[in-house]
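Make a model of this:
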Amino acid sequence: MGWRIKNLTTSTAGAPHAVYQPTAWLFAQFTRHVVFQGFTSTAGGDGQLYELYCSDSDDWNVKNLVSEADGAPAATNANGYIWAHQGSQHVVYQGSRFDGHVHELWYTEDDGWNSNDLTGAAHAPLTLSQPYGYETYYDGTQRVVYHARGGTHIHELRNSGNGWHDTDLTAATGAPGCAADSAPTGYSFEDQRTAHVLDRTETGHIIEFWADAGGWHWGDLTATTGAPVASDAETISGYVFRGQGTQHVDYVGGDGHVHELWWQADGWRHVDLTVAAAAAVPFPTSSVVGYAFESGLFQPVATQHVLYAGADNQVHELWWSQGAWHVNDIGSRLGAPPIVGHPAAFVEVDHGWQNVFYLSDAHEIIELRWTP
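Purely as a prediction, here's the structure:
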């Protein structure tokens, strides 16, 4: 019970070594999925995206998704998500040699894994950044956001079942340009029926694009809250805590602390999580990941969780319960290998499990798992 560690690379027959950070998600029938690019000692990244997957049995399997889907080789890491509205899984990434195309691998139970070039399908501009995909379930839409080449604009590719379409969010809202070395992320606020996209400017201000029935809008969350500017981390993490009716945006600040901007009905606020939890400082340019652990059979009290790589190259957890932040130095407690990059994480409310995955310094995929 509690946290435990498992090396998925060494414990899964046929699993290759990995490079770059993994992406992970939970799918139907409680299957867990982790996707990463393979590593070879001679060439580095091999351009292939491999999936580790398992069910309740905890027996992991591996397959090569690029090969199975006849897809394009990958440049770096990928981002995975589910489209629950259609019962499908999706992995988006930039093609090898940084071809600028947003490529997609997608899976349905009837058709298996297939591939698509979303840039071509939507007649969209080339991407500079790692694309990020998510679903807005309230309107049954897939959304993929990225930083376009040749400027500072953020684009969204969307599909509601009638094909892919492109929107320049920066032009549509009049928002300031975003930093060339950043990559946007997104999330859905189902109770409000809104979509949200986060990125940062060259000066470290966190910009929010958000869409409601009236279209796209934007706001400068740094200016609104007076919070410290963001570091040069690639991504900003955002999620919704449905039990509290709140939104949360987490990042590493230029001051070397983990910060959270959070919204409730009367507006945005700021809290320094490093100070609030008396926590270890993060790796200066690391990205964080946050999620809500909503209440359920095995989790009577809803909690929030923020995971990050510390300056000590270990995984750390900040968690909130009943009005207070706490710290858990998971990596050092478990004797886990050092982390490279940032973790991926999700929660399984029905089982009361938390799942954290990361790349170790030995090019292996490590799972940290909490069970009640």
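
State whether residue 104 is indeed within a strand.
Yes - counting by DSSP: H, G, I helix; E, B strand; the rest coil, one finds residue 104 located in a strand.

before we move on, what SS does the closest residue to residue 329 other than its chain neighbours have?
The spatially closest residue to residue 329, leaving aside those adjacent along the chain, is residue 316, at 5.5 Å (C-beta to C-beta, 6 or more residues apart in numbering). Heads up, the C-betas are built off the backbone N, CA and C, glycines and all. Put simply, residue 316 is strand when judged by three-state DSSP.

ok, now residue 280?
Classification of residue 280 using three-state DSSP returns coil.

Could you tell me how many residues sit around it?
If you count neighbours by other C-beta atoms under 10 Å, residue 280 ends up with 17.

all numbers from here: first residue = 45
Okay, using 45 as the starting number, the last item reads as residue 324.

Could you pull out the helices in this structure for me?
Shown for the chain, the helices assigned by DSSP state H span residues 52-55, 109-113, 162-166, 213-217, 265-269, 317-321, 374-378.

Now find how far off-centre the fifth one is within its chain.
What separates the centre of helix 265-269 from the centre of its chain is 23 Å, taken as C-alpha atoms, centre = their mean, to the nearest Å.

which helices and strands does it pack with?
Based on contacts counted as 3 or more C-beta pairs under 8 Å, 6 or more residues apart in numbering; DSSP states H and E, the elements that helix 265-269 packs against are strand 250-256, strand 311-316.

My guess is residue 91 contacts residue 110. True?
Yes - checked against C-beta atoms under 8 Å, the pair residue 91 and residue 110 is within contact range at 7.3 Å.

Could you pull out the residues contacting both of those two?
Common contacts of residue 91 and residue 110 (C-beta atoms under 8 Å, 6 or more residues apart in numbering): 117, 118.

Looking at those two, which one has more neighbours?
More neighbours surround residue 110 than the other of residue 91 and residue 110, with 26 against 17 (other C-beta under 10 Å).

where does that one land on pLDDT?
At residue 110, the predicted lDDT confidence score is 98.

again, but for residue 216
With respect to pLDDT, residue 216 has a value of 98.

May I see the domains of the chain written out as residue ranges?
Each domain of the chain is listed here as a residue range: 45-113+278-416, 147-269, per automatic domain parsing.

export the ones you listed to JSON lines and tack on distance to residue 135?
Formatted as JSON lines, those follow (distance: least, C-beta to C-beta, whole Å):
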{"stretch": "domain 45-113+278-416", "distance to residue 135": "6"}
{"stretch": "domain 147-269", "distance to residue 135": "4"}
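
do you know which of these lies nearest residue 141?
Distances from residue 141 to each of these were compared using C-beta to C-beta; the minimum, 9.2 Å, belongs to domain 45-113+278-416.

any idea where the strands of the stretch 95-244 of the chain begin and end?
Secondary structure of the stretch 95-244 of the chain (DSSP state E, counting those that start in this stretch): strands at 105-108, 123-127, 132-138, 146-152, 156-161, 176-180, 185-191, 198-203, 208-212, 229-233, 238-244.

And those strands: which comes nearest residue 219?
Closest to residue 219 of the strands of the stretch 95-244 of the chain is strand 198-203 (C-beta to C-beta; 7.9 Å).

now for the closest one, which elements pack on it?
Packed against strand 198-203 by the contact rule (3+ C-beta pairs under 8 Å, 6+ apart) you find helix 162-166, strand 185-191, strand 208-212, helix 213-217, strand 238-244.

angle of that strand against strand 156-161?
140 degrees (axes from the mean of the first three to the mean of the last three C-alpha atoms, to 10 degrees).

ok so, going back, any chance of the helices and strands packed on helix 265-269 in TSV, plus mean pLDDT?
Converted to TSV, those look like this (pLDDT from 0 to 100):
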stretch	mean pLDDT
strand 250-256	98
strand 311-316	98
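
Kindly state which of those strands is positioned closest to residue 268.
Shortest distance between residue 268 and the helices and strands packed on helix 265-269, using C-beta to C-beta, is found for strand 311-316: 5.1 Å.

Show me what that closest one packs onto, helices and strands only.
Based on contacts counted as 3+ C-beta pairs under 8 Å, 6+ apart, the elements that strand 311-316 packs against are helix 265-269, strand 302-308.
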